[in-house]
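>>> Show me the folded form of this:
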Amino acid sequence: MVDHSIIDESSGASAGVGGSRGSVLLPRGTQVLLLDVGGVIAPDASPAQSVVVEQRLSLPAGTLYPLLYGGEPWKALSTGRLDEATFWRDVAAAAGLDAADLREAMTPLWGWHQLDEAVLALMRIARRRVRVAILTNATLDWETFLHESGIRNLADPIINSAREGLRKPDPASFGHALELLDLPPEAVLFVDDKPRNTAVARELGIDSLDYTTVEALAEALRARGILPPR
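Coordinates of the predicted model:
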């Protein structure tokens with residue numbers, strides 16, 4: 001259970017960054033909190049939920065996510081080189097499934113239908129001291145959801161691999177993000193649930209956190225002065 005005392009939105013500064021009235025000066029270099037979406041802002045499905053879908057589709061245990069995200073179709077979809085209909089057709093054909101059946105079965109697992117309110121609360125507090133932005137490997141449909149969900153009010157820019165044509169952990173994806181943010185690496189704190197992404201970011205000089213829980217994220221942000229002390 002989340003300790004909601006970590007997200008007391010009444011605490012801390014009440015104004016923005018960069019000399020605004022009531023703003024807080026952070027250690028030199030910390031200017032942007034750059035967040036992944038899937039596995040951070042949007043919770044991943046549990047292993048038990050994945051098993052239910054695999055059983056429904058008569059897939060061997062542990063093969064669902066490699067089927068969807070481990071091959072060239074996902075890489076092409078998430079860099080804007082493939083449309084949704086073709087993606088579902090290709091991955092379904094690879095497993096001998098009907099595309100409509102596969103897509104329907106996956107619906108309960110799509111984490112982007114829900115967002116973690118505790119992480120959103122941390123983002124709201126962080127925005128009082130730093131800019132908040134998103135760097136995600138996603139589809140154009142996912143981007144539409146993010147805009148409709150109100151994320152645009154919390155994060156700007158939203159850097160989506162499908163729109164930019166670059167995806168993590170490609171170093172060029174991080175370089176492009178820094179260009180869009182108009183900042184050097186040391187000005188950014190990057191948070192992602194996949195170590196392969198944070199490892200590359202660190203190699204480029206970007207301070208990075210491996211996301212595990214919202215409580216751990218809050219403590220790490222507090223340690224860096226991005227959240228106010230308890």
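>>> List the buried residues of the helix or strand containing E104.
Using DSSP states H and E, the element containing E104 is helix 99-106. By 16 or more other CB atoms under 10 Å, the buried positions in helix 99-106 come out as 99, 102-103, 105-106. (Glycine included, C-beta is placed from N, CA and C.)
>>> So which other helices or strands are in contact with it?
For helix 99-106, the packing partners by 3 or more CB pairs under 8 Å, 6 or more residues apart in numbering; DSSP states H and E come out as helix 47-56, helix 84-94.
>>> Mind doing that once more with 6 Å?
Applying 3 or more CB pairs under 6 Å, 6 or more residues apart in numbering; DSSP states H and E, one finds that helix 99-106 contacts helix 84-94.
>>> The helix it packs on vs helix 99-106, what angle?
On the basis of axes from the mean of the first three to the mean of the last three CA atoms, to 10 degrees, helix 84-94 is oriented at 90 degrees to helix 99-106.
>>> Tell me which residues are up against helix 84-94.
67-68, 73, 77, 99, 102-103 (CB atoms under 6 Å, 6 or more residues apart in numbering).
>>> Serialize these to CSV and add fields for pLDDT and distance to T144.
CSV is the format used below for the contacts of helix 84-94 (pLDDT from 0 to 100; distance: CB to CB, whole Å):
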residue, pLDDT, distance to T144
L67, 95, 24
L68, 93, 19
P73, 96, 20
L77, 97, 14
A99, 96, 20
L102, 94, 21
R103, 91, 16
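>>> Among those, which one sits closest to L33?
Relative to L33, the closest of these is L77; by CB to CB it sits at 27.2 Å.
>>> Tell me how many other residues crowd the closest one.
When neighbours are defined as other CB atoms under 10 Å, L77 has 26 of them.
>>> distance of it from T86?
As judged by CB to CB, to the nearest Å, L77 and T86 stand 8 Å apart.
>>> what helix or strand is the nearest residue to T139 once chain neighbours are set aside on?
Spatial nearest neighbour of T139, excluding adjacent residues (CB to CB, 6 or more residues apart in numbering): A162 at 5.1 Å. Secondary structure assignment for A162, by DSSP H and E: helix 161-164.
>>> chain center to the helix or strand bottoming out on mean pLDDT in the chain, what's the gap?
Sorted by mean pLDDT, DSSP states H and E, the helices and strands of the chain end with helix 140-148, the least confident at a mean of 84. Here the centre of helix 140-148 is set off from its chain's centre by 13 Å, with CA atoms, centre = their mean, to the nearest Å.
>>> Return the set of buried residues in it.
Buried residues in helix 140-148, counted by 16+ other CB under 10 Å: 142-143, 145-146.
>>> what's the answer for stretch 151-163, then?
For stretch 151-163, the neighbour count (16+ other CB under 10 Å) marks 151, 154-155, 158-162 as buried.
>>> now swap in stretch 214-229 and tell me
Across stretch 214-229, burial judged by 16+ other CB under 10 Å covers 214, 217-218, 220-222, 224, 226-227.
>>> Now do it, average pLDDT.
Regarding stretch 214-229, the rounded mean pLDDT is 95.
>>> Check stretch 39-54 too.
Stretch 39-54 comes out at a mean pLDDT of 91.
>>> element containing A61?
Counting by DSSP H and E, A61 is part of no helix or strand.
>>> Now for it, how many residues are close by?
By other CB under 10 Å, 10 other residues sit near A61.
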